[in-house]
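Peer 1: coords please:
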Amino acid sequence: MAQLLAAQGFRASRLTSRALQYWRVFHTGLEDAAATVTETIERTDVLVIGAGIAGLSLAATLAPHCQVVVLERESHPGYHSTGRSAAYFSPALGNEVVQALTIASGEFFRKPEPGFTEVPLLHPRDALHLFPKGARMDAEEPLLGREATACVTEVSVRDAAGLWPVLREGYLAGAALERGGGDLDVDALLQGYRRALLRAGGNLVTGAEVLELTRAGAAWHCRTGRKTVHAKLLVNAAGAWGDEVASAAGVAPIGLTPLRRTAMVLPLASGIDARSWPFVVQGTEHAPFYVRPDAGALMLSAADEQPDVARDAQPEELDVAQAVDRLQRASTLRFEQVTRAWAGLRTFAPDRTFVVGFDCRQDDFFWCVGQGGYGVQTAPALARLGACVLLEALRPAAAQGLALSSQSSLARAVDPGRFSSRHPAGPPT
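Peer 2: The predicted structure is shown next:
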C-alpha cells in the first residue's frame, strides 16, 4: 500500500479516524443536547429513531403539531453520514425525485425561517462539470437535457480553463457550467433543526441505543439502556441501520445497501488562491471525482461507491490514492500529503430513490431512509413531504400547511409500497 501511495506522489501523513474532526459538529453546542431532555420520557405521539439530518429535520417539522421524541445512539446528532457530507447544493445531481426535492429545498436554504439560524446556510458557488477525452459523451447528455437542470449550460474548454485555472491542457472534450448551487453549512443546518425541535417541545435523547422494539395494543414500546418510550407511531430514520431497525420491529426490510465513500482535505501550495474556484465534478463512468475549495485547502472525493455494511466507516488508503490520482490527471496540481481523510456511508434503496412513508403492512411504522448522500441538500423539502404524509394519519388539519406543490406525485414516488413484494419479517415479540 505504501508503494501505491508513493507512486501517486504523496504520502498519507495523517488519516483521521473520525470524519467529524473535519466538520465543526464536534466544536459546537450540540454536546449539551442530552442535558435539555427531561429525565423521564414515557409517552409520545411519534418516536423517531435516528438523529441524522433526515430524522432530525422530520422531527423538527412535526414537533409544532404533535409530541415527538428522537433517539440517537451516538453522543452527537449527525455523527455518521450527515457529518461526512460533501456539503454542496446541486439541483443537477441525482435522479428526478432528488432534483425535485433539491429545487424545492432551495428557497429554505437561501431564506431560512426567522430564528432558524444566525448564519447563512448557503454560500453561492457554481459547479463546473468536466467531460474528459475518452469518456462516453452520451453518458453526459441527460445532465444537459433534463427539464429540472435548465441552470446547466455548455461552456467551451477555454472558458472551463478560465473558471478552473489548474485544468490540464488537452484533458477535456467538453464542459458544462451549473449555476445556482453552493456550499452548505451542514453544522448550522443541523443545529437549526435541533433548536427548532426543542423550541417546539420535542425531545432529543443522545447516547440512547435501541435495545428492544415491541408493539402492544396501539403503541410501540422502545427500550434503551436509559428509559422506555411508548409511541403511537414509529419513524425509522436509522440510515444504514434502517433494515436492522425494521427487523427488530418485525417489519420486512427494504433491502438497503450502504455504499462507502471516501473524502479528504488536501493542502494547497503556497501562492494558490482557490477561493473563487467552482465545485468541479467529473461524473462520467471514466474516473469520477469532485473537488471544491475548503478554508484555504481542497476537499476531494473520488465519488466512489464501495459496498459496505452498517458501521462507523473508515477511509482506506487505496481509495485515498485513487482520488488523488484522478485529480492530478485532470489538473496541474501535485500533492505530497493528505491533511485528513474520512469515509461515510451513502445508503440506497434498491431503486436508488428515497423511501418515505408508512409501511404497506404495518401502518404505524414510518420509513424515512435511503437518502443515498442527498439527504442534506433535500432535507427541508423531504422533511415537509414526510411530515405531511405522517400528519395526514395523525393530525389531518395540520398536514395541509406543509404540503409541497408537487406533494402527491413525490409522495407516490417515495412511498414504501413499491416494495410490497418483499417478504414480511413477522410480528415483533
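Peer 1: what kind of secondary structure is the spatially closest residue to Cys222 that is not a sequence neighbour in?
Peer 2: Distances taken as CB to CB, 6 or more residues apart in numbering place Val229 nearest to Cys222, at 4.7 Å, with adjacent residues excluded. C-beta coordinates here come from the backbone N, C-alpha and C atoms, glycine included. Classification of Val229 by DSSP: H, G, I helix; E, B strand; the rest coil places it in strand.
Peer 1: thought Val229 was touching Val48?
Peer 2: No - using CB atoms under 8 Å, Val229 is not in contact with Val48; the gap is 10.3 Å.
Peer 1: so what sits against both of the two?
Peer 2: Listed as contacting both Val229 and Val48 by CB atoms under 8 Å, 6 or more residues apart in numbering are Val69, Leu71.
Peer 1: which one of these two has more residues nearby?
Peer 2: More crowded of Val229 and Val48, by other CB atoms under 10 Å: Val48, with 30 against 23.
Peer 1: A strand includes the more buried one, no?
Peer 2: Yes - the assignment for Val48 by three-state DSSP puts it in a strand.
Peer 1: isn't it right next to Ala60, touching?
Peer 2: No - when contacts are counted by CB under 8 Å, Val48 is not listed as touching Ala60 (9.9 Å).
Peer 1: quick check, distance from stretch 83-93 to the centre of its chain.
Peer 2: Its chain's C-alpha centre and that of stretch 83-93 lie 7 Å apart, by CA atoms, centre = their mean, to the nearest Å.
Peer 1: That should have said stretch 404-422, apologies.
Peer 2: Using CA atoms, centre = their mean, the distance from the centre of stretch 404-422 to the centre of the chain it belongs to is 20 Å.
Peer 1: Would you map the strands across the stretch 301-429 of the chain?
Peer 2: Here the stretch 301-429 of the chain has its strands, by DSSP state E, counting those that start in this stretch, at 306-307, 340-348, 355-358, 365-369.
Peer 1: now for the first one, which elements pack on it?
Peer 2: Meaning strand 306-307. strand 257-267 (3 or more CB pairs under 8 Å, 6 or more residues apart in numbering; DSSP states H and E).
Peer 1: gap between the strand it packs on and the chain center?
Peer 2: Using CA atoms, centre = their mean, the offset of strand 257-267 from its chain centre is 13 Å.
Peer 1: Partner strands of that strand and their direction?
Peer 2: Next to strand 257-267 in the sheet, as set by DSSP bridges, lie strand 297-301 (antiparallel), strand 306-307 (antiparallel), strand 340-348 (antiparallel).
Peer 1: Which positions within that strand qualify as buried?
Peer 2: Of the residues in strand 257-267, Thr257, Pro258, Leu259, Arg260, Arg261, Thr262, Ala263, Met264, Val265, Leu266 count as buried by neighbour count, 16 or more other CB atoms under 10 Å.
Peer 1: Just give the closest residue to the first one, not the sequence neighbours.
Peer 2: Distance criterion CB to CB, 6+ apart; nearest residue to Thr257, sequence neighbours excluded, is Phe348 at 5.3 Å.
Peer 1: What is the burial count for the one you found?
Peer 2: Neighbours of Phe348 (other CB under 10 Å): 22.
Peer 1: residue contacts, it?
Peer 2: Applying CB under 8 Å, 6+ apart, the residues near Phe348 are Leu256, Thr257, Leu259, Gly370, Gly372.
Peer 1: So, low pLDDT: which residues of the stretch 101-250 of the chain?
Peer 2: Counting by pLDDT under 70, the stretch 101-250 of the chain shows low-confidence ranges at 136-150.
Peer 1: thinking again about what came up before, from the buried residues of strand 257-267, which is closest to Arg340?
Peer 2: Arg340 lies nearest to Val265 out of these, by CB to CB, at 5.2 Å.
Peer 1: could you list every residue that touches the closest one?
Peer 2: Taking CB under 8 Å, 6+ apart as the criterion, Val265 is in contact with Tyr22, Asp294, Ala297, Leu298, Met299, Leu300, Val338, Thr339, Arg340, Ala341.
Peer 1: Next, find the distance separating it from Gly250.
Peer 2: 43 Å (CB to CB, to the nearest Å).
Peer 1: Mind jotting down where the helices sit in the stretch 201-350 of the chain?
Peer 2: 242-248, 317-330 (DSSP state H, counting those that start in this stretch).
Peer 1: Thanks again, I'm all set now.
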